[in-house]
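> this one's sequence-less:
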């Protein structure tokens, strides 16, 4: 129809500026980004900014709603999909050791894992989410997530459920960000090394980098040591709902993370994740010769109803062009009650790590609180 708006907008193009300079720290913007907690959208926030143009750290809110104890910067939290950076890094270490090839196929390394009807899926396609592997068909409601929050999944069970569905597209032709890719990458790590995914991440990254407060919980639903409680907003009549201002929440602090395993089970701190991003970008985690995939976005479009938006994910991270043309790389993650993020410029002139106890951390669309933190971390100082 003439004049009707297209359901598929043209591709969003924000061009990087190679001459864009990182501004000094905007303390006022960062303070404002985490001000007023606890609030309807979040109960606590921790932010840590570093780099050659200065550093800043801040904390706001309460550790739990029962005692209203003040939040602390020195606590553990669920990092969610930030875990994918670690899984990808271990695979690339194994590539550097000559034990895995990015051009090798899942079918060769893990025979029988994928249906015989599937086309060849290459390891590199797992890492940059161009594999075409589908997600498992599961209820997408919070009610289901709450009822099954203590269920223990095995990685093979998760992948088997996913590959009951047909391949989504010819591998290498589109990009669809899905946990299935990193589950298979975790199984690949175990197959090649003969040891558990948890052992390999701990021995290869957490210990060498000095991430003493970070760990992979396995089947435990608890967070060891000091931590903030995580809450999810629910309707008033929901089971176990507790009043929270003008709304209600349930406590999601204790929950199984086996449903995300190598895609999202890491427990960490802002100080530890800052150590990690500095070591990773400096070539101390993955040798420089093998690090390029983590900073390379494949030249394909996203797998969505429009199919015209360019890919944004690298192997293990996201590439983001910020206002002013500054390019940053990093990863966000969300578990119910916990939203986390790690990001930096390639030259480490600006680093950012945050944890926000969001009351709707896994909502579709952009989390405005975390988006505000990310923008503030790279904003020009106030005049």
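Sure thing, it's come through. Just so you know, these numbers come straight off a predicted model, no measurement behind them.
> for the stretch 201-350 of the chain, just list every one of the strands.
Here the stretch 201-350 of the chain has its strands, by DSSP state E, counting those that start in this stretch, at 231-234, 242-244, 247-251, 267-268, 301-302, 318-321, 327-335, 338-345.
> out of those, the one nearest residue 136 is which?
strand 327-335 (17.7 Å; C-beta to C-beta). For glycine as for every other residue, the C-beta is placed from the backbone atoms N, C-alpha and C.
> in the stretch 251-383 of the chain, which spans are helices?
For the stretch 251-383 of the chain, applying DSSP state H, counting those that start in this stretch gives helices covering 261-264, 270-281, 288-291, 368-377.
> what about the closest residue to residue 179 other than its chain neighbours, how many neighbours?
Leaving aside its chain neighbours, residue 179 sits nearest to residue 263 (3.9 Å; criterion: C-beta to C-beta, 6 or more residues apart in numbering). Close neighbours of residue 263, defined as other C-beta atoms under 10 Å, add up to 24.
> before we move on, the earlier item: do you know which of the helices of the stretch 251-383 of the chain lies nearest residue 36?
Using C-beta to C-beta, those put helix 368-377 closest to residue 36, at 10.1 Å.
> what angle sits between that closest one and strand 327-335?
Between helix 368-377 and strand 327-335, the angle comes out at 150 degrees (axes from the mean of the first three to the mean of the last three C-alpha atoms, to 10 degrees).
> is the spatially most central residue of the chain in a helix, a strand, or coil?
Closest to where the C-alpha atoms of the chain average out (C-alpha atoms, centre = their mean) is residue 81, at 2.6 Å. At residue 81 the chain is in helix, as set by DSSP: H, G, I helix; E, B strand; the rest coil.
> which residues does it contact?
179, 260, 263-264, 331-334 (C-beta atoms under 8 Å, 6 or more residues apart in numbering).
> make it 7 Å
Residues in contact with residue 81 (C-beta atoms under 7 Å, 6 or more residues apart in numbering) are 263-264, 331-333.
> do residue 124 as well
Residue 124 neighbours (C-beta under 7 Å, 6+ apart): 102-103, 293.
> repeat for residue 337
Neighbouring residues of residue 337 by C-beta under 7 Å, 6+ apart: 230-232, 252-253, 357, 361.
> out of the strands of the stretch 201-350 of the chain, flag the one nearest residue 204.
strand 267-268 (15.6 Å).
> residues making contact with that closest one?
The contact list for strand 267-268 (C-beta under 7 Å, 6+ apart) reads 76-79, 211, 213-215, 217, 223.
> now, among those, which is nearest to residue 313?
Residue 313 lies nearest to residue 79 out of these, by C-beta to C-beta, at 17.3 Å.
> which secondary structure state is assigned to residue 136?
State at residue 136, reduced to three classes by three-state DSSP: coil.
> tell me the pLDDT of it.
On pLDDT, residue 136 comes in at 97.
> go on, residue 305?
Looking at residue 305, its pLDDT reads 80.
> what is the burial count for it?
7.
> separation between it and residue 8?
Computed as C-beta to C-beta, to the nearest Å, the residue 305 to residue 8 distance reads 7 Å.
> how about the contacts made by the nearest residue to residue 275 once chain neighbours are set aside?
Leaving aside its chain neighbours, residue 275 sits nearest to residue 209 (5.4 Å; criterion: C-beta to C-beta, 6+ apart). For residue 209, the contacting residues are 275-276, 279, 285, by C-beta under 7 Å, 6+ apart.
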